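In: next come a sequence and a model predicted from it.
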Amino acid sequence: MFNTPPITPTWRWLCRNPICFLGFGFGTGLAPKAPGTFGTLPALPLAWLVWQCHFPFMLNVLIALLLCAVGIPICGYTEKMLGRQDYGGIVWDEIAAMFLILMFIPFDWLWWLAAFLLFRFFDAVKPWPIRWFDARVHGGFGIMLDDWIAAAFSLLVLYLFSGAFA
């Protein structure tokens, strides 16, 4: 599938490859354990910054969709440069999906914590249909797709939970 031999990414390698630096979530994807969890963290300050701008809701959603859209080529390019399919250190998908969730929930630390925990659960466990898509859809789109579905599951649970206690 890949024309280049697989490489092991390093901080030095990321610094020479700006797109891969983004794909690795500003370096968080290099975490030796749980890179997906560490890779989700940059979404929090990014979302906080956007919330501080007090943009209209639809502009926040547009920014989130833009992060998702640019994630397809970022993840695809990073995967190609690594010579490895859906490498765990590629975490732009986690950042974009978590950011998307945060644009649809209240700006409150308890909501954000619940969203983070739910998203990490769905992304790690990959219940049906997430696992099905993860196994069959590849490239940049495939890397992003399973996280979009995990984000949708997370939002669904958050909304069901909030309705139960309203």
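Out: Happy to help now that I have it.
In: where's the residue minimising distance to the centre of the chain, which helix or strand?
Out: To find the centre residue of the chain, average its C-alpha atoms and take the closest one (C-alpha atoms, centre = their mean): that gives Glu94, at 1.4 Å. Under the criterion of DSSP states H and E, Glu94 resides in helix 92-103.
In: where does this protein dip in pLDDT?
Out: Filtered on pLDDT under 70, the chain yields the residue ranges 1-2, 4, 164-166.
In: check which helices and strands the helix holding Glu94 sits against.
Out: In this structure, helix 92-103 packs against helix 35-40, helix 43-52, helix 57-82, helix 109-125, helix 139-164, with contacts taken as 3 or more C-beta pairs under 8 Å, 6 or more residues apart in numbering; DSSP states H and E. Backbone N, C-alpha and C define where each C-beta goes, glycine included.
In: the inter-axis angle of the fourth one versus helix 139-164?
Out: The reference is to helix 109-125. Following axes from the mean of the first three to the mean of the last three C-alpha atoms, to 10 degrees, one obtains 130 degrees for the angle between helix 109-125 and helix 139-164.
In: can you tell me what sits against helix 109-125?
Out: Outside of helix 109-125, the residues within contact range by C-beta atoms under 8 Å, 6 or more residues apart in numbering are 36-37, 40, 44, 47, 94, 97-98, 101-102, 105, 130, 146-147, 149-151, 153-154, 157-158, 161.
In: distance from it to the middle of the chain?
Out: Here the centre of helix 109-125 is set off from its chain's centre by 12 Å, with C-alpha atoms, centre = their mean, to the nearest Å.
In: do stretch 137-150 as well
Out: In this view, stretch 137-150 has its centroid 9 Å away from the chain centroid, taken as C-alpha atoms, centre = their mean.
In: buried set for it?
Out: 139-140, 142-150 (16 or more other C-beta atoms under 10 Å).
In: which residues are contacting that stretch?
Out: Stretch 137-150 is contacted by residues 68, 71-77, 79, 85-86, 90, 93-94, 96-97, 100, 119, 122-123, 126, 129-131, 133-134, 136 when judged by C-beta under 8 Å, 6+ apart.
In: just say which of the helices and strands packed on helix 92-103 is most tucked in.
Out: Neighbour counts (mean count of other C-beta atoms under 10 Å) averaged over each of these peak at helix 35-40, with a mean of 22.
In: residues in contact with that one?
Out: The set of residues that contact helix 35-40 without belonging to it, under C-beta under 8 Å, 6+ apart, is 24-25, 28-29, 31, 88-89, 91-92, 94-95, 98, 116, 119-120, 123-124.
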